[in-house]
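In: mind looking at a prediction? Sequence and model below.
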2 protein chains.
Amino acid sequence: LASEIRTVYWEDGKVLLIDQTRIPEEFSIIAMTDYRDVAEAIREMKVRGAPAIGVTAALGIALGAQRIETCDSDEFCRAIKGIADEFAGTRPTAVNLFWAIDRMLGLIHPETDSVEVMRQKLLDEALRILEEDIEINKRLGSFGVDLIKDGDTVLTHCNAGALATAGFGTALGVIRAAAAAGKRVQVIADETRPRLQGMRLTAWELSMSGIPVTLITDSMAAWAMSKGMVNLVIVGADRIAANGDTANKVGTYGVAVLAKAHNIPFYVAAPFSTIDFSIPDGSHIPIEERDASEVTHIGGRRIAPEDVHVLNPAFDVTPSKFITAFITECGIIEPVEIGKMRDKG
Amino acid sequence: LASEIRTVYWEDGKVLLIDQTRIPEEFSIIAMTDYRDVAEAIREMKVRGAPAIGVTAALGIALGAQRIETCDSDEFCRAIKGIADEFAGTRPTAVNLFWAIDRMLGLIHPETDSVEVMRQKLLDEALRILEEDIEINKRLGSFGVDLIKDGDTVLTHCNAGALATAGFGTALGVIRAAAAAGKRVQVIADETRPRLQGMRLTAWELSMSGIPVTLITDSMAAWAMSKGMVNLVIVGADRIAANGDTANKVGTYGVAVLAKAHNIPFYVAAPFSTIDFSIPDGSHIPIEERDASEVTHIGGRRIAPEDVHVLNPAFDVTPSKFITAFITECGIIEPVEIGKMRDKG
């Protein structure tokens, strides 16, 4: 069952993950013993999705910790910080990455703990982050389920599913929860160029779970909305600013504008750790620009003319005014409430 | 020079056309002696774009007329109508196809003309339609040029260029005219999934003409607009209803909604023959649904999971309220004026 997909996990001293660049053609698990391979897997998007990136980085740091050959606590601490820096340099937008790294580094107390104790604490914490992520998604899904009516069609962009998290999913977790509650729910999946996560991952994951899914190109979302085919939109998030502005896969902002123009509710499903209270609004979110070949080549083959100039921002920012509400593990939160939650602590 | 691209033409008793499914990988000309091959080329989108489809059908009918082996005028007339029916069945949305067919059939007078006379009239008329198309585009461009300011960036969707017409282009014709007038103009080209006409044809055609072009995925148009990168949008049209509602390549409607949300003018460049006065509004425009494989396969390779449900409307309809004005060979026309022009005749 796809609801039991284990996107990334720990086994016999290794980090294992599904190579998402191979789906749906092939379902292959990569086992890694070197933390550098884990960092590379994040960079190459073999694992992607903000929560999954956070979990993978935590496991990667725990993996690196196993191989640091020293008994000196201070030396171990310096080495761990070096490893953490490598993970921090993989991808700039998803804040869950930095949140997970900070959580791991917060455990390091070389003044009191031995290397062995720190190694064990890092592994325990990484596994806790992983388990918590699945629990958070299920809780988030249980809050979101009321937003979906029997017979509804949900449009989603990119993949905020089990594959974007340690399991269950955020946006697709809400849909799973609705299906589990006996509601007839179906999904329209934007294919999500350039990397086609909607076509390759969301369509695959939902089909595996027996949830009806219809694939469209990104350019057909407006048409589908105008035809009354879409009851609500649910997407994930890579970083939410303190005012509710939300970075997510490029194309999300356009979907939000279109949803508003068609009076269709637009929800963002994300764990609380996606909120970055340190930045006032979306203009401060760093947006990753990825290689032009993601646009010019499809399936390994060049389609575009040689030497054409290309833009390839991996994310865009949806201003909070386009967001009906956030679906989190703490409940349904309206954009204006995000800032208040920071003030409450 | 791409402004001298001959998309489709007549030579030595054959219809020749650029195989647009091979661009940019290969520039190949197909020579056809059987009108059925011409019809098939339209169906398979070896030639596409509403004006080009009309011209090609006219040449195809003229080609078919050369091979009808009869001296009986009535028999010839019946055969021509059969050929015309085959062309009418190729693609349903572009009205220029039916306009060109009607113009060809209007010449057939078996009661007065010999077979030889009719054959010659058909060829003369097809060549006239071709020449007129290029002239119309140049006239249309000369009216549109004032809408582009020095330094402007124009966003376009699909390909309404030389390749979509007999030559010069409609939307891209306006851009060519601006460049020829010495204005610095650059283009952002939506890649235009599923068939990637923006990536394959528009980027290629503009590069060939030395007009700076930047390629984006369709999902990045909203982001580009929000960043202030787009001064105006110009697209082509496949059919314009009497109230100004406009069918064009799927995704156009979304671009129009986004343009309005960002206060960016949205222009439709099309010859007058694209207006279908017989239908009151866009809901009456037949929308072609094409094969799912156009979405699931890219570059001949399947990317989507097996058996996934797919929607693939080739066009969508942009309500006239989203259209700033039409750029035609008769001048710049606001949507409300379209209906009045019919009344005037």
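Out: Looks like it arrived, so ask away.
In: low-scoring stretches of the stretch 1-150 of chain A, by residue?
Out: The model of the stretch 1-150 of chain A has pLDDT under 70 over residues A:1-3.
In: what does it put close to chain B?
Out: A:Pro24 (CB under 8 Å from any CB of the partner chain). Where C-beta positions appear, they are placed from N, C-alpha and C, glycine not excepted.
In: can you report phi and psi for A:Phe98?
Out: phi -70, psi -30 (degrees, to the nearest 10).
In: identify the residues contacting it.
Out: A:Ala88 (CB atoms under 8 Å, 6 or more residues apart in numbering or on different chains).
In: ok, now A:Ala62?
Out: Listed by CB under 8 Å, 6+ apart, the contact set of A:Ala62 reads A:10, A:104, A:122-123, A:125-127.
In: grab the nearest non-local neighbour of it.
Out: Spatially, and ignoring its direct neighbours in sequence, A:Ala62 is nearest to A:Ala126 (4.0 Å; CB to CB, 6 or more residues apart in numbering or on different chains).
In: quick one: pLDDT of the nearest residue to A:Ile5 once chain neighbours are set aside?
Out: Once flanking residues are discounted, A:Ile5 sits nearest to A:Ala162: 4.1 Å by CB to CB, 6+ apart. With respect to pLDDT, A:Ala162 scores 96.
In: the residue in the stretch 51-200 of chain A that chain B sits nearest to in helix, strand or coil?
Out: Nearest residue of the stretch 51-200 of chain A to chain B, counting by CB to the nearest CB: A:Arg193, 4.0 Å away. What DSSP: H, G, I helix; E, B strand; the rest coil gives for A:Arg193 is coil.
In: OK, contacts around the nearest residue to it once chain neighbours are set aside?
Out: Nearest non-adjacent residue to A:Arg193, counting by CB to CB, 6+ apart: B:Thr217, 4.0 Å away. With contacts defined as CB under 8 Å, 6+ apart, B:Thr217 is in contact with A:193-194, A:218, A:250-251, A:295, B:190-191, B:193.
In: any idea how far the residue of the stretch 51-200 of chain A closest to chain B is from A:Ala269?
Out: 22 Å (CB to CB, to the nearest Å).
In: same check on A:Leu258?
Out: 19 Å.
In: next: A:Gly331.
Out: 12 Å.
In: likewise for A:Ile234?
Out: 6 Å.
In: settle it for me: which of the two has more neighbours?
Out: A:Ala269 (29 against 25; other CB atoms under 10 Å in any protein chain shown).
In: coming back round to it: I'd like the contacts of B:Thr217 written out as TSV, with pLDDT added.
Out: Converted to TSV, those look like this (pLDDT from 0 to 100):
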residue	pLDDT
A:Arg193	98
A:Pro194	98
A:Asp218	98
A:Val250	98
A:Gly251	98
A:Val295	98
B:Asp190	98
B:Glu191	98
B:Arg193	98
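In: pull out the buried members of those.
Out: A:193-194, A:218, A:250-251, A:295, B:190-191, B:193 (16 or more other CB atoms under 10 Å in any protein chain shown).
In: give me the distance from stretch A:320-330 to the chain's centre.
Out: Mean-position distance between stretch A:320-330 and its chain equals 16 Å (CA atoms, centre = their mean, to the nearest Å).
In: what about that stretch, near chain B?
Out: No - figure legend: stretch A:320-330 not in contact with chain B (CB under 8 Å from any CB); closest approach 9.7 Å.
In: tell me the buried residues in that stretch?
Out: By 16+ other CB under 10 Å, the buried positions in stretch A:320-330 come out as A:320, A:322-329.
In: looking at the residues you listed, spot the one nearest chain B.
Out: A:Phe322 (9.7 Å).
In: identify the contacts common to A:Ile234 and A:Ala269.
Out: Common neighbours of A:Ile234 and A:Ala269 (CB under 8 Å, 6+ apart) are A:144, A:160, A:171, A:174, A:327.
In: ok, back up a step: what about the residue nearest to A:Ala62, which SS state?
Out: Under three-state DSSP, A:Ala126 comes out as helix.
In: for it, give me its contacts.
Out: Applying CB under 8 Å, 6+ apart to A:Ala126 gives the contacts A:10, A:55, A:58-59, A:61-62, A:104.
In: kindly recompute the last result at 6 Å.
Out: A:Ala126 is in contact with A:58-59, A:62, counting by CB atoms under 6 Å, 6 or more residues apart in numbering or on different chains.
In: one more: A:Gly331?
Out: Counting by CB under 6 Å, 6+ apart, the residues that A:Gly331 touches are A:Phe143.
In: how about a cut-off of 10 Å?
Out: Contacts for A:Gly331 (CB atoms under 10 Å, 6 or more residues apart in numbering or on different chains) come out as A:139-140, A:142-144, A:325, A:337.
In: any idea where the strands of the stretch 1-150 of chain A begin and end?
Out: Here the stretch 1-150 of chain A has its strands, by DSSP state E, counting those that start in this stretch, at A:8-11, A:14-18, A:29-32.
In: hang on, the earlier thing: need the residues touching each of A:Gly331 and A:Ala269.
Out: With CB under 10 Å, 6+ apart, A:Gly331 and A:Ala269 have common neighbours A:140, A:143-144, A:325.
In: beta partners for the closest residue to A:Thr33 other than its chain neighbours?
Out: Nearest residue to A:Thr33, sequence neighbours excluded (CB to CB, 6+ apart): A:Lys14, at 5.5 Å. Counting by DSSP bridges, A:Lys14 forms beta bridges with A:Glu11.
In: count residues in the vicinity of A:Lys14, would you?
Out: Residues near A:Lys14, counting by other CB under 10 Å: 16.
In: that one: what's it in contact with?
Out: A:Lys14 touches A:30-34, A:38, A:59, A:63, A:66, counting by CB under 10 Å, 6+ apart.
In: try 8 Å this time
Out: By CB under 8 Å, 6+ apart, A:Lys14 lies in contact with A:31-33, A:63.
In: out of the residues you listed, which one sits closest to chain B?
Out: Nearest to chain B among those is A:Ala31, at 24.8 Å by CB to the nearest CB.
In: just list whatever residues bridge to the closest one.
Out: A:Leu16.
In: hmm, it is touching A:Ile18, no?
Out: No - judged on CB atoms under 8 Å, A:Ala31 makes no contact with A:Ile18 at a distance of 11.4 Å.
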